[in-house]
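Student: sequence and predicted structure below; questions after.
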Amino acid sequence: MRLLLINPNISESVSALIADEARRSAAPGVEIEVLTAPFGVAYIETRFEALIGAYAAAQLAAEHHERFDAVVVAAFGDPGLAGLREALPVPVTGLTESALASAHLLGQRFSIIAISHRIQAWYREIVTAYGFDGRLASIRSLEQPLQRIGAVQEDHAPSLKALAERAVHDDGADVIILAGAPLAGLARSLQGQLAVPVVDGVSSAVRHAATLVALQAGKATRGSFAPPPAKPNRGLPPAISRLLDRGA
């Protein structure tokens, strides 16, 4: 089984964190490849940046999906996931969707620990879109500016742990979700240090993607996730144009 993880940001240091945690989490026989967006921003905090990341992810997915059994959008917020699920012939999931699915199986109410205050409003919208807003206990985040996106854990691990503890004690969280690819692997290091389960988006996505492949449930040919209908297009990268030309 081969899984493609797409980092919709341009930070190679974050891609390295994603790759390390994905390979630690993957079952034997599962091959992992991580690709980094060829354009965009260092990390996504806003809706507009997510729009850019979604297009970058779409370009990489269109170019490379044929070599893989499933695709993972490896950024919290899952930019472009629903559209990729329409267009690609293989299963697609993302860090947020997978982390929420894992949290759902581990407890009733969950809290999200994020790396940026600005990101909170968008994360709430994503949780609502997935239908989990009634189970969201809180979103807590770092307040200080990030100096090194690939070293967030190194620079802020004590603060992140303190935020998680406050979410448990003050907000009533049954499960903690550590949000964002820059936090990949932190849940592993926090095991046994918090009073509730801790969920990592990368490890969840790798395991859920492998499950989707194994289920062999098939690709939608009707309904809202059928491929987009073929129609004239212009100015698109060749791989995206070919994907659209397949049509429903």
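Tutor: Thanks, I have the structure now.
Student: quick check, residue 213 in contact with residue 68.
Tutor: No - Residue 213 is beyond contact range of residue 68, at 9.4 Å (criterion: CB atoms under 8 Å). The C-beta positions use only the backbone N, C-alpha and C, and glycine is treated the same way.
Student: more crowded one of these two?
Tutor: The residue with more neighbours, out of residue 213 and residue 68, is residue 68; 22 against 18, by other CB atoms under 10 Å.
Student: so what sits against both of residue 213 and residue 68?
Tutor: Listed as contacting both residue 213 and residue 68 by CB atoms under 8 Å, 6 or more residues apart in numbering are 3, 90.
Student: next, give phi and psi for residue 90.
Tutor: phi -120, psi 160 (degrees, to the nearest 10).
Student: any idea how far it lies from residue 4?
Tutor: Using CB to CB, to the nearest Å, we find residue 90 at a distance of 9 Å from residue 4.
Student: buried sites along the worst-scoring helix or strand of the chain on mean pLDDT?
Tutor: Per-element confidence for the chain was summarised using mean pLDDT, DSSP states H and E. The lowest value among helices and strands belongs to helix 186-190, with a mean of 88. By neighbour count, with 16 or more other CB atoms under 10 Å as the criterion, the buried positions of helix 186-190 are 186-187, 190.
Student: after it, which helix or strand is next?
Tutor: Downstream of helix 186-190, the next assigned helix or strand under DSSP states H and E is strand 198-200.
Student: tell me the first helix or strand C-terminal of that following strand.
Tutor: Remark: after strand 198-200, the chain's next helix or strand is helix 201-215, criterion DSSP H and E.
Student: name the helices or strands packed onto the helix or strand just after that next one?
Tutor: Moving toward the C-terminus from helix 201-215, the first helix or strand encountered (DSSP H and E) is helix 238-246. In this structure, helix 238-246 packs against helix 47-64, with contacts taken as 3 or more CB pairs under 8 Å, 6 or more residues apart in numbering; DSSP states H and E.
Student: contacts for the helix it packs on next, please.
Tutor: 4, 6, 8-9, 35, 37-41, 44, 71, 73, 75, 77, 79-80, 83-84, 87-88, 92, 122, 237, 239-240, 242-243.
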